[in-house]
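> next one to model:
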Amino acid sequence: MTPPAPSAAPLRADCIGDSAGGLTFDVAAHGETEAALLILRRRAADDADSADDTVSLPLAPAAEGRLRAALPSSVALPEGRWDAYARVSAGEPRRLVPGVTDLRSLADRTPGGLLGHVAVRIPYATRQGNLTVRSWLRAPHAETGELGFADGGLTVRGRVYGTQLASGAHAEVRARSGAGEGAVRRLDVAADRAEFGFTVPYDTLAPGEWDLWLRPAGEPGPVVRLARLLDDVADKHPVFTYPRARVETPHGPMAAGPYYTRDNDLSVSVTPLES
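Numbers count the residues shown, from 1 in each chain. Sure thing, here's the model as predicted:
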């Protein structure tokens, strides 16, 4: 019996992020490289061939055995998870695996706002060891910063991008699930130019998941989801963990605390405690 042919070795890509939100990919490749492409495909797209769900970037020779593609911040990459492939010769694109990743320029990044939106692209390794890019595109954007914990509540400080804070600015805590589903709690906001702060009193919340939003211009202005995006951490949920407070509420004793969702949006969880 003829043994099966060995599968092709995976293509490895080094990634470098820049402070403007762009990415550079360096792919290790040999052989025929004419018309080589780096291809990003948005995961869970209804139509994988849609122009909005596939981005192709030319791979040009950068050094011996190295091809380079640039994804500048000016190229739109809609929000989502984009799986990375390379086509370096005739045939089907091959899945990329991450090599060296340098995202130091993303730490404490302050976008200029000249494009009217905040674009964030963070490459990461999937559970299968493949290269994927998590993209966010927010206009406007409310970036959370320091979180404080005192007196049975959560204090949130942050900064807005792509908009201004007006005198009617306020925060909203919206029930996503649980006994308070559909409820909205309005909270006063202290504003200083582009910076804001507010406190969420846990004892006003029913059991369930509560999402945090900001209305920078008040009613009837846009509502903006609070999120932490401007760093090099693609998935905040397992990395940023916070204390939970015991609070007495009209619904009984509860444990409440903040967390970041799978999309790095800020939420609060309220769960009952046994009396």
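> when you work out contacts or count neighbours from here on, use the C-alpha atoms and nothing else.
Will do.
> nearest residue to residue 225 other than its sequence neighbours?
Nearest residue to residue 225, sequence neighbours excluded (CA to CA, 6 or more residues apart in numbering): residue 213, at 4.5 Å.
> residue 96 reaches residue 88, doesn't it?
No: in this structure residue 96 lies outside contact range of residue 88 using CA atoms under 8 Å: 11.5 Å.
> residue 210 is in what secondary structure piece?
strand 208-215 (DSSP states H and E).
> would you mind confirming that the residue nearest to residue 225 makes contact with residue 160?
No: judged on CA under 8 Å, residue 213 makes no contact with residue 160 at a distance of 11.8 Å.
> end to end on stretch 234-245, go ahead and measure it.
Stretch 234-245 stretches 27 Å from its first residue to its last (CA to CA, to the nearest Å).
> may I see the buried residues of it?
For stretch 234-245, the buried set under the neighbour-count rule, 16 or more other CA atoms under 10 Å, comprises 234-237, 244-245.
> over to stretch 119-127?
Using 16+ other CA under 10 Å as the test for burial, stretch 119-127 gives 119-124.
> that one: how far from the chain's middle?
8 Å (CA atoms, centre = their mean, to the nearest Å).
> same question, stretch 25-43
That offset, for stretch 25-43, works out to 25 Å (CA atoms, centre = their mean).
> start and end of that stretch, how far apart?
19 Å.
> now, the buried residues of stretch 234-245 that are in strands?
Assignment to strands by DSSP state E places the following of these there: residue 245.
> got the buried residues for stretch 73-84?
Neighbour counts over stretch 73-84 (16+ other CA under 10 Å) mark 73, 77-84 as buried.
> cool, stretch 89-97 as well?
89, 93-97.
> and the contacts of it?
Applying CA atoms under 8 Å, 6 or more residues apart in numbering, the contact partners of stretch 89-97 are 10-13, 31-36, 39, 83-87, 125, 129-131.
> out of the residues you listed, which are buried?
Buried among the contacts of stretch 89-97 by 16+ other CA under 10 Å: 11-13, 33, 36, 39, 83-87, 130-131.
> rebuild these as CSV, extending it with distance to residue 266 and pLDDT.
Listed next are the buried ones among the contacts of stretch 89-97 as CSV, based on distance: CA to CA, whole Å; pLDDT from 0 to 100:
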residue, distance to residue 266, pLDDT
11, 36, 90
12, 34, 94
13, 31, 97
33, 44, 75
36, 40, 92
39, 31, 96
83, 25, 97
84, 28, 97
85, 31, 96
86, 35, 94
87, 38, 91
130, 27, 97
131, 26, 97
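> just these: which are in strands?
Those of the buried ones among the contacts of stretch 89-97 lying in strands (DSSP E): 11-13, 39, 83-87, 131.
> and the furthest pair within those residues?
87 and 131 (14.6 Å; CA to CA).
> which parts of the stretch 151-275 of the chain are strands?
Remark: strands assigned in the stretch 151-275 of the chain by DSSP state E, counting those that start in this stretch are 153-161, 170-178, 184-188, 190-192, 195-201, 208-215, 224-227, 245-249, 252-260, 266-272.
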